[in-house]
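Student: quick one, structure for this:
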Amino acid sequence: MRALIQRVRSASVAIDGKTTGAIQRGYAILLGVGHDDTPATAQRLADKIVNLRLFPDEQGRFDRSLLDINADALVVSQFTLYADARKGRRPSFLAAGKPPIAEPLCEHFCQCLRDLGVPSVQTGRFGADMLVSIENDGPVTLWLDSDELGISDNPPTKPE
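Tutor: Numbering: from 1, shown residues only. The predicted model follows:
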């Protein structure tokens, strides 16, 4: 799984002009699912994200997590996080998980956030054309890849 996390003052997602999810302070999480991802991968990534310390303490240091400040999350599925643009001018999305696998894993990821104590987890709609509004705070943006973090069920092998 891949997640692009943005610390936000506010974020929302709209479909056909109608808001389907909105949060104030918290994280906007753009979430991509790969072929080999599993519910265990989603659980480990959710745990990593809710415990990341990206919010400032009294000295302005990143020392507070999403849970520490009781903040919310907006999760938007985004298969384009698996784009491969190494060749040509049109990216390939072959590495992205197919909808029958990706959609339930996105839902499971959101449930993991709830189970871990995130007070409100808002979403868009899987596969929809969405308009996402993000007021990035900082700006603070972080890229997480479960394979690179070693939390995937199938981490890449190291070259010998």
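Student: CA only for contacts and neighbour counts going forward, please
Tutor: Fine.
Student: scan this structure for its longest helix.
Tutor: Identified as the longest helix of the chain according to DSSP state H is helix 99-115.
Student: so for it, what gets flagged as buried?
Tutor: Residues 102-103, 105-114 are the ones in helix 99-115 that count as buried (16 or more other CA atoms under 10 Å).
Student: show me the contact partners of that helix.
Tutor: For helix 99-115, contacts defined as CA atoms under 8 Å, 6 or more residues apart in numbering pick out 31, 33-35, 37-39, 42-43, 46-47, 50, 75, 77, 120-121, 126.
Student: coming back round to it: make CSV out of the buried residues of helix 99-115 and add pLDDT and distance to residue 6.
Tutor: Listed next are the buried residues of helix 99-115 as CSV, based on pLDDT from 0 to 100; distance: CA to CA, whole Å:
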residue, pLDDT, distance to residue 6
102, 96, 21
103, 96, 22
105, 97, 21
106, 97, 18
107, 97, 19
108, 98, 20
109, 98, 17
110, 98, 16
111, 98, 19
112, 98, 19
113, 98, 16
114, 98, 18
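Student: out of the helices and strands in this protein, which is least certain?
Tutor: Scoring the helices and strands of the chain by mean pLDDT, DSSP states H and E places helix 146-149 at the bottom, with a mean of 89.
Student: how far does it sit from the chain's center?
Tutor: Centre-to-centre, helix 146-149 and its host chain are 13 Å apart (CA atoms, centre = their mean, to the nearest Å).
Student: could you list the low-pLDDT ranges of this protein?
Tutor: Scanning the chain for pLDDT under 70 picks out 154-160.
Student: how does it look with 50?
Tutor: Low-confidence segments of the chain (pLDDT under 50): 156-160.
Student: so which residues of it form strands?
Tutor: 2-15, 18-23, 26-32, 53-56, 62-65, 72-77, 121-123, 131-145 (DSSP state E).
Student: show me what the third one is packed against.
Tutor: I take that to be strand 26-32. Where contact means 3 or more CA pairs under 8 Å, 6 or more residues apart in numbering; DSSP states H and E, strand 26-32 is packed against strand 2-15, strand 72-77.
Student: so what strands line up beside it?
Tutor: According to DSSP bridges, strand 26-32 has the following sheet partners: strand 2-15 (antiparallel), strand 72-77 (parallel).
Student: end-to-end on stretch 31-41?
Tutor: End-to-end span of stretch 31-41 (CA to CA, to the nearest Å): 12 Å.
Student: what residues sit buried inside that stretch?
Tutor: Buried positions in stretch 31-41, judged by neighbour count with 16+ other CA under 10 Å: 31-34, 36-39, 41.
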